[in-house]
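Enquirer: okay, here's the prediction I keep looking at, along with the sequence it came from:
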Amino acid sequence: MEALFHASPFTGYVFPNETEIPWSLMIVIYPYITGLVAGSFTVATFYHVFGVSRFKPVARFALLTSLAFMLFVPVPLLLHLGHPERALNVLLTPHMTSAFAAFGFFAAFYVILVALEIWFSYREDIVAWAQDRKGLRGMFYRALTLGSYEISATTRAYDAKWIKALAITGIAGAHGLHGYVGFVFGSLKSREWWGSDLMPAIFLVSAIVSGISILIVLYVLTSRFRKTPIDRTCMKGLAYMLWGFLIFAVVLEFLEFANIVYKGREGVETVLALVAGPLWFSVWALQLAGSVAAFFILTYVIWRGTQDRQLVVGVLVAALLMLVSVLAMRWNVVIGGQELSKTMHGLIYFYPPFLGREGLLATMIVFALPFGMLWGLTRLFPPWEPNARHN
């Protein structure tokens, strides 16, 4: 009786156990937050590993952003679980044949890795703060020094070596963390909308796009809030980076959809009805139109060589469009795959509730939490101080 009460409207022929969408908004926001982690970390590695100096102003801020979002990546999954207290069983009783179980190890490894890289990046500043600050914050910084106050050319070289090594390792860790999310959906061959070998690559590249975009938005907003000028060289570098990965993301998504249509397997008519029915707005207006508009804006900015305010506004608008586009893509994959009936002759229509454990309100609160964490981290480890040493 309860299942009938929560049943979603549908058309065509649908199995009785498909009238309730089991993976809803929390599973949509989960890969989205994970993607922001991987993308923001990618920006930091361009400076720490490849030595691209134009990203120096946002390198440490990118690390803090990656850590802040990573700490809240498991929250949507925990809220979705019926018994979240059992989550640690994944680590205590390893079951490596499960992709979701492997996530626990990936997540723990990545958090430790990013925390270490942040520590080495701030070690010299931590020593200075430990000597200058009093009270609880002073005690906190003194604990972080681990009893070592030595600052010399030797320790700086040692710190730089560890930062580079951790950043190189983090490239595989961050990208593997999000690539596995696409692997989970791509390996589910029971649904035509999901079973694609391109799914891991699509999730990974779109994650990098969304991470670069959130870093652009946060960099512009924090600069305005602090009333400090925006580094135009850094902004142009972020524009080039976003533009390049955006091309890959659009091409991969096009190839994935074209592959489904070209194969023309049984039920492809229902797939086309899906993108023309329940998903028409999120696919065509949000995902596709947003990506195309962002591409043309970035192309115009780069081609014309715009400077100053026009550069910042153009890149900021493109970044906002891509944040919406990638979120729509996550919706289209997670929700769209479940709106396509396994009979391949029916469609389910999902309308998210506002209240409840997985409603719109809870989802917005979960998404807002990492921003609060980022604010706290920037208070403890200011990435913008003029005299701060940027590794």
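Expert: It's in.

Enquirer: quick one: the helices in the stretch 151-300 of the chain?
Expert: The residue ranges that make up the helices of the stretch 151-300 of the chain, judged by DSSP state H, counting those that start in this stretch, are 153-186, 199-226, 232-263, 268-276, 280, 289-304.

Enquirer: just those helices: most buried one?
Expert: Burial of the helices of the stretch 151-300 of the chain is given as mean neighbour count (mean count of other Cβ atoms under 10 Å); helix 199-226 ranks first at a mean of 23. In short, each C-beta sits where N, CA and C put it, glycine included.

Enquirer: quickly note the distance from the closest residue to G346 other than its chain neighbours to G336.
Expert: Among residues not flanking G346 along the chain, G12 sits closest, at 3.2 Å (Cβ to Cβ, 6 or more residues apart in numbering). From G12 across to G336, the span is 16 Å (Cβ to Cβ, to the nearest Å).

Enquirer: who has more neighbours, these two?
Expert: Neighbour tally, G12 and G336, criterion other Cβ atoms under 10 Å: the higher count belongs to G336, 23 against 13.

Enquirer: mind checking which helix or strand the more buried one is in?
Expert: helix 308-339 (DSSP states H and E).

Enquirer: just G346 next, same as before
Expert: Taking DSSP H and E as the criterion, G346 maps to strand 345-348.

Enquirer: just the CA coordinates for that strand, please, in PDB.
Expert: Only the C-alpha atoms of strand 345-348 are listed here, as PDB (Å, rounded to 0.1, in the frame of the first residue of the first chain):
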ATOM      1  CA  HIS A 345       8.100   0.100 -23.600                       C
ATOM      2  CA  GLY A 346       7.400   2.600 -20.800                       C
ATOM      3  CA  LEU A 347       8.500   5.800 -19.100                       C
ATOM      4  CA  ILE A 348       8.300   6.900 -15.400                       C
END
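
Enquirer: burial of M96, as a residue count?
Expert: M96 has 8 neighbours, counted by other Cβ under 10 Å.

Enquirer: which phi and psi does the residue nearest to it when sequence neighbours are not counted have?
Expert: Of all residues not flanking M96 in the chain, A102 sits nearest, at 6.1 Å (Cβ to Cβ, 6+ apart). Dihedral pair for A102: phi -60, psi -30, per degrees, to the nearest 10.

Enquirer: what's the answer for the one 3 residues further on, then?
Expert: In terms of degrees, to the nearest 10, the main-chain angles of F105 are phi -70, psi -40.

Enquirer: show me what contacts it?
Expert: Taking Cβ atoms under 8 Å, 6 or more residues apart in numbering, we find F105 in contact with 91, 94.

Enquirer: picking that back up, and the helices of the stretch 151-300 of the chain as JSON lines, adding mean pLDDT and distance to A368?
Expert: Output for the helices of the stretch 151-300 of the chain, formatted as JSON lines (pLDDT from 0 to 100; distance: least, Cβ to Cβ, whole Å):
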{"stretch": "helix 153-186", "mean pLDDT": "85", "distance to A368": "21"}
{"stretch": "helix 199-226", "mean pLDDT": "93", "distance to A368": "13"}
{"stretch": "helix 232-263", "mean pLDDT": "91", "distance to A368": "24"}
{"stretch": "helix 268-276", "mean pLDDT": "86", "distance to A368": "31"}
{"stretch": "helix 280", "mean pLDDT": "91", "distance to A368": "29"}
{"stretch": "helix 289-304", "mean pLDDT": "94", "distance to A368": "22"}
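
Enquirer: select, out of those, the one closest to H345.
Expert: helix 268-276 (6.3 Å; Cβ to Cβ).

Enquirer: now do that closest one and helix 232-263, the angle between them.
Expert: 150 degrees (axes from the mean of the first three to the mean of the last three Cα atoms, to 10 degrees).

Enquirer: so that it lines up with my notes, have the first residue be 193 from now on.
Expert: Yes, from this point I'll number from 193; that puts the last item at helix 460-468.

Enquirer: what sits up against helix 460-468?
Expert: With contact meaning Cβ under 8 Å, 6+ apart, helix 460-468 is reached by 204, 384-385, 452-453, 475-476, 528, 531-533, 536-539.

Enquirer: how about CSV for the helices of the stretch 343-492 of the chain, with distance to M218 added?
Expert: Below are the helices of the stretch 343-492 of the chain laid out as CSV (distance: least, Cβ to Cβ, whole Å):
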stretch, distance to M218
helix 345-378, 14
helix 391-418, 17
helix 424-455, 23
helix 460-468, 22
helix 472, 24
helix 481-496, 23
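
Enquirer: scan the contacts of helix 460-468 and report the most crowded one.
Expert: Most neighbours among those, by other Cβ under 10 Å: L532, with 25 neighbours.

Enquirer: and it, bridged to which residues?
Expert: Beta-bridge partners for L532, by DSSP bridges, are L539.

Enquirer: my guess is it contacts L380. True?
Expert: No. If you go by Cβ atoms under 8 Å, L532 and L380 don't touch, sitting 11.8 Å apart.

Enquirer: sorry, back to before: let me know the closest of the contacts of helix 460-468 to G551.
Expert: E531 (18.3 Å).

Enquirer: where do the strands sit along the stretch 193-342 of the chain?
Expert: Here the stretch 193-342 of the chain has its strands, by DSSP state E, counting those that start in this stretch, at 202-205.

Enquirer: show me the shaky parts of it.
Expert: 193-199 (pLDDT under 70).

Enquirer: quick one on the thing from earlier: show me what the helix or strand just after the strand holding G538 is packed against.
Expert: Heading C-terminal from strand 537-540, the first helix or strand you meet, by DSSP H and E, is helix 552-572. Packing contacts for helix 552-572, counted by 3 or more Cβ pairs under 8 Å, 6 or more residues apart in numbering; DSSP states H and E, involve helix 217-240, helix 248-262, helix 266-272.
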